[in-house]
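**Student:** attaching a predicted model along with its sequence, questions to come.
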Amino acid sequence: MTFRMVRLSWLALVCAVLVPAWGRIAFEKLTEMDYRGSTYYTVKNLTLYECQGWCREETDCQAAAFSFVVNPLTPKQETLCMLQNETSATNPSAVPQRSVNLYYMVKMQIRSDNVCLRPWAFERVPNKMIRGLDNALIYTSTKEACLAACLNEDRFICRSVEYNYVTLQCHLSESDRRTTGQYVQFVDAQGVDYFENLCLKANQACKGSRSYGVPRIGVADDKVSQYVSLHYYVDKEMQVNSEAACKLACEIETEFLCRSFLYRGPPIGSKYNCQLFHLDHKTLPDGPSTYLNAERPLIDSGERVGTYYENSCDKSTSTTPHETLPVVFDSTEEPNLNLTRNDINCDSKGTCYDVSVNCKDTRIAVLVRTNKPFNGRIYALGRSETCNIDVHNSDQFRLDLTMTGQDCNTQSVTGVYTNTVVLQHHSVVMTKADKIYKVKCTYDMTSKNITFGMMPIRDPEMISITSAPEAPPPRIRILDSRGREVETVRIGDKLTFRIEIPEDTPYGIFARSCVAMAKDSKSTFQIIDDEGCPVDPSIFPSFTPDGNALQSVYEAFRFTESYGVIFQCNVKYCLGPCEPAVCDWGHESVESWGRKKRSIASNHSDSESESDDMTLSQEILVLDFGDEKNSQFLRNEAPSSEFGKDKTVTIMEPCPTKTSVLALGVTCALLILIYISTIFCYYMKKWLTPRKVIA
């Protein structure tokens, strides 16, 4: 097995400088985020590990920004290493900027003998935290001391850290984004940073066993593999004889924590067919949404894309064999509570309940399953006469709670709907054998995760159930006049710009702050303003609803210096259909579904919600007249998706260029002028010549 390390010799890392007074040099890494800093040295075409090694050895270097941009004509990654002697990353109040295909590495001094010799010791996610997963809480004066406490922890394996710069609280946890056995949702927390320990050994990455498989994230497998092959930086590549050998190489990798690999197929010649990465989709800030807008190379190099595999932590399946009605608790608001079937889900009569909540757009469905037939009623507390269901000898039943009106008395505050449900055996009297459940539906407009939890509240005994319906990621599609998705068009072509989410969701969407950018980002043009109104309807009209989607019909345009036009929009969710904004244009008023309709009660929070917007982008290639001869090098195959699989090939018909038309016009004008001059001279000569007189 031959292999190639795409990095600086690890000898430089082994000889890392130790500073006894301050600690040991280590790095924290941010993925696709960039901080402002003072760059004192820039060099191209270095590897990631050479760039990081330079910063490690340079005394003045405080941070290094490493970008790897794909050249669309090759397609190959062109790297740029920028060393900074000043950085705002050390300021807790500084806000990083999003930057695609960029790693930002900050140098630190950590006083711990357990700092690993890997390029970076921690992955940092600014202003984020995960609730309810802490194993220990301590107070440290600095972030570095908190990270050192994680590395030195011996009571449990510290996999993640959260540090609060204001309260100086250091939260240590044996869980991270992958080891909790559930979908994890980050919570915005200003002044709190989340860190993942990257010094762990491969067998410590998960609480249980670790397996590899094709990620099931709602995006086509070939689309994910193609994105990985173009936009992931290759940590290590080699030639192997089989897919199993590539997987084994990732499992036993020690020089970095291998989370994924790309296997390109059987070996051919001396080409490398196995690539290892420290990334997975949970490391990326946009998660699975990253792959929806994957760029494809302008020229097909003919290389195999291959199959992409990611690691996952297997969920613990330990259960009691004699249980006939297992109830799984994925999360609790109080992790130290000992929730068992005997004291929570079963009553004194031996009836056990499995209660779940399904959040809809107009109602909350409370589903109940029991281990023996149940007789009684289920109703909303305080509305037993208007919101109830009588149950007769049934082990499965449901109560629908209305979200508006007084029938079920559902309470709502800023998208959170709560109610209390009673399971009562007797038709009139409530006894200790009855169960009380507090249910809650949280419609978080930026949420993509479902959380489910129960906790008891004594006297009366109450169980809290929280659920959040999944908000699917939106995407941008650009269609031609025949409804086909296109990537290469001609100036003036009539196109439909669509922002879509699937139909079977309780959410609606609205968009604002849309801009069109040149491929090189030197020119930008705002098409939809911050209020959701079109800036110039003659170029890009307002959005109109089409089911759950938004669309605008416009004519293709491009920038003078760039064929590629990148569209970017900020998109936010609504519960149900979004209301339009009224936009004034001249003497006319038009409706645009660019934002929620403001109300008196929501004006004060409108500015706060702007930070929750989701940014989408899509690129299209716009050709001018006469550029069609280059179209044979362009790939016009439409991207595959989970709910749109048509393939489109755009055929460009040859047309004369502007230059040739102008030259032809000038030539014709000169010929006409010469013709008129010749006729004029002929008649003038004839008129001036005296006639001969015959005597």
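**Tutor:** Everything's here; your move. Numbers count the residues shown, from 1 in each chain.
**Student:** ok, now which ones touch residue 97?
**Tutor:** Residue 97 makes contacts with 33-36, as judged by Cβ atoms under 8 Å, 6 or more residues apart in numbering. Every residue, glycine included, has its C-beta placed from N, CA and C.
**Student:** just the element for residue 124, please.
**Tutor:** Using DSSP states H and E, residue 124 sits within strand 122-125.
**Student:** strand partners of that strand, parallel vs antiparallel please.
**Tutor:** If you go by DSSP bridges, strand 122-125 pairs up with strand 23-34 (parallel), strand 192-197 (antiparallel).
**Student:** rebuild those strands as TSV, extending it with distance to residue 532, mean neighbour count and mean pLDDT.
**Tutor:** TSV is the format used below for the strands paired with strand 122-125 (distance: least, Cβ to Cβ, whole Å; neighbours: other Cβ atoms under 10 Å; pLDDT from 0 to 100):
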stretch	distance to residue 532	mean neighbour count	mean pLDDT
strand 23-34	27	21	92
strand 192-197	32	22	95
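**Student:** re the thing from before, any idea of the mean pLDDT in the strand holding residue 124?
**Tutor:** For strand 122-125, mean pLDDT rounds to 96.
**Student:** stretch 303-313 too?
**Tutor:** On average, the pLDDT along stretch 303-313 is 88.
**Student:** send me that stretch as PDB with only the CA atoms.
**Tutor:** What follows is stretch 303-313, C-alpha atoms only, in PDB (Å, rounded to 0.1, in the frame of the first residue of the first chain):
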ATOM      1  CA  GLU A 303     -11.900  11.500 -12.900                       C
ATOM      2  CA  ARG A 304     -14.000   9.100 -10.900                       C
ATOM      3  CA  VAL A 305     -16.000  10.800  -8.100                       C
ATOM      4  CA  GLY A 306     -16.300   7.700  -5.900                       C
ATOM      5  CA  THR A 307     -18.300   7.100  -2.700                       C
ATOM      6  CA  TYR A 308     -18.100   9.100   0.400                       C
ATOM      7  CA  TYR A 309     -18.400   7.600   3.900                       C
ATOM      8  CA  GLU A 310     -18.700   9.300   7.300                       C
ATOM      9  CA  ASN A 311     -18.200   8.000  10.800                       C
ATOM     10  CA  SER A 312     -21.200   7.800  13.200                       C
ATOM     11  CA  CYS A 313     -21.400   6.900  16.900                       C
END
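**Student:** flag every buried residue along that stretch.
**Tutor:** Within stretch 303-313, the residues that qualify as buried are 305-313, counting by 16 or more other Cβ atoms under 10 Å.
**Student:** follow-up on the earlier one: between the strands paired with strand 122-125, which one is closest to residue 485.
**Tutor:** strand 23-34 (25.9 Å; Cβ to Cβ).
**Student:** what about the strands in the stretch 401-550 of the chain?
**Tutor:** Remark: strands assigned in the stretch 401-550 of the chain by DSSP state E, counting those that start in this stretch are 411-413, 416-424, 435-442, 456-457, 462-467, 475-479, 488-490, 494-500, 507-518, 524-528, 544-546, 549-555.
**Student:** give me the helices and strands touching the first one, please.
**Tutor:** Right, the one you point to is strand 411-413. Under the contact definition 3 or more Cβ pairs under 8 Å, 6 or more residues apart in numbering; DSSP states H and E, strand 411-413 sits against strand 416-424.
**Student:** contact partners of the strand it packs on?
**Tutor:** So strand 416-424 is contacted by 353, 359, 364, 366, 368, 374, 376-382, 384, 399, 401, 403, 408-412, 430, 434-443, 462 (Cβ under 8 Å, 6+ apart).
**Student:** mind running it again at 6 Å?
**Tutor:** With Cβ atoms under 6 Å, 6 or more residues apart in numbering as the test, strand 416-424 has contacts from 366, 376-381, 401, 403, 410-411, 430, 434-442.
**Student:** give me the most central residue, the chain.
**Tutor:** Among the residues of the chain, the one closest to the centroid is residue 286, at 1.7 Å (Cα atoms, centre = their mean).
**Student:** how near is it to residue 176?
**Tutor:** Counting by Cβ to Cβ, to the nearest Å, the separation of residue 286 from residue 176 is 18 Å.
**Student:** what of residue 251?
**Tutor:** Separation of residue 251 from residue 176 (Cβ to Cβ) stands at 19 Å.
**Student:** neighbour count winner among those two?
**Tutor:** Neighbour totals were compared for residue 251 and residue 176, and residue 176 leads with 25 against 15 (other Cβ atoms under 10 Å).
**Student:** who are the contact partners of the more buried one?
**Tutor:** Contacts of residue 176 by Cβ under 6 Å, 6+ apart are 159-160, 196.
**Student:** and it, what element?
**Tutor:** Taking DSSP H and E as the definition, residue 176 sits outside all helices and strands.
**Student:** start the count at 707 instead of 1 going forward.
**Tutor:** Yep, numbering from 707; the last one is residue 882 now.
**Student:** for the stretch 907-1056 of the chain, just list every one of the strands.
**Tutor:** 916-919, 942-945, 966-969, 980-983, 1013-1019.
**Student:** residue 838 - how many residues pack around it?
**Tutor:** Count around residue 838 with other Cβ under 10 Å applied: 14.
**Student:** now do the SS call for it.
**Tutor:** Three-state assignment for residue 838 (DSSP: H, G, I helix; E, B strand; the rest coil): coil.
**Student:** and it, how far is that from residue 944?
**Tutor:** Using Cβ to Cβ, we find residue 838 at a distance of 41 Å from residue 944.
**Student:** picking up where we left off before, so how far is residue 1193 from the residue nearest to the centre of the chain?
**Tutor:** Residue 992 is 21 Å from residue 1193, where distance means Cβ to Cβ.
**Student:** returning to what we had before: could you dump the strands of the stretch 907-1056 of the chain into a markdown table and include distance to residue 906?
**Tutor:** A markdown table is the format used below for the strands of the stretch 907-1056 of the chain (distance: least, Cβ to Cβ, whole Å):
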| stretch | distance to residue 906 |
| --- | --- |
| strand 916-919 | 11 |
| strand 942-945 | 18 |
| strand 966-969 | 16 |
| strand 980-983 | 16 |
| strand 1013-1019 | 12 |
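**Student:** any idea which of those strands gets closest to residue 826?
**Tutor:** Checking those against residue 826 by Cβ to Cβ gives strand 980-983 as the closest, at 14.3 Å.
**Student:** name the helices or strands packed onto the closest one?
**Tutor:** strand 942-945, strand 966-969 (3 or more Cβ pairs under 6 Å, 6 or more residues apart in numbering; DSSP states H and E).
**Student:** return the most buried member of those strands.
**Tutor:** Of all these, strand 966-969 has the most neighbours on average by mean count of other Cβ atoms under 10 Å, namely a mean of 24.
**Student:** other SSEs contacting that one?
**Tutor:** Under the contact criterion of 3+ Cβ pairs under 6 Å, 6+ apart, strand 966-969 touches helix 949-958, strand 980-983, strand 1013-1019.
**Student:** which residue ranges form the helices in the stretch 707-856 of the chain?
**Tutor:** With helices called from DSSP state H, counting those that start in this stretch, the stretch 707-856 of the chain shows them at 717-720, 754-763, 849-858.
**Student:** oh sorry, the question was meant for the stretch 1207-1356 of the chain
**Tutor:** So, for the stretch 1207-1356 of the chain - with DSSP H, counting those that start in this stretch - the helices run 1312-1315.
**Student:** what's the nearest residue to residue 959 if we skip its chain neighbours?
**Tutor:** Among residues not flanking residue 959 along the chain, residue 982 sits closest, at 6.1 Å (Cβ to Cβ, 6 or more residues apart in numbering).
**Student:** any idea of the pLDDT on the one you found?
**Tutor:** 95.
**Student:** so what's it up against?
**Tutor:** By Cβ under 6 Å, 6+ apart, the contact set of residue 982 is 941-942, 956, 964, 967.
**Student:** how about residue 1232?
**Tutor:** Residues in contact with residue 1232 (Cβ under 6 Å, 6+ apart) are 1221, 1241.
**Student:** again with residue 979
**Tutor:** Taking Cβ under 6 Å, 6+ apart as the contact definition, residue 979 lies against 945, 970, 973.
**Student:** do the same with residue 843
**Tutor:** If you count contacts by Cβ under 6 Å, 6+ apart, residue 843 has them with residue 877.
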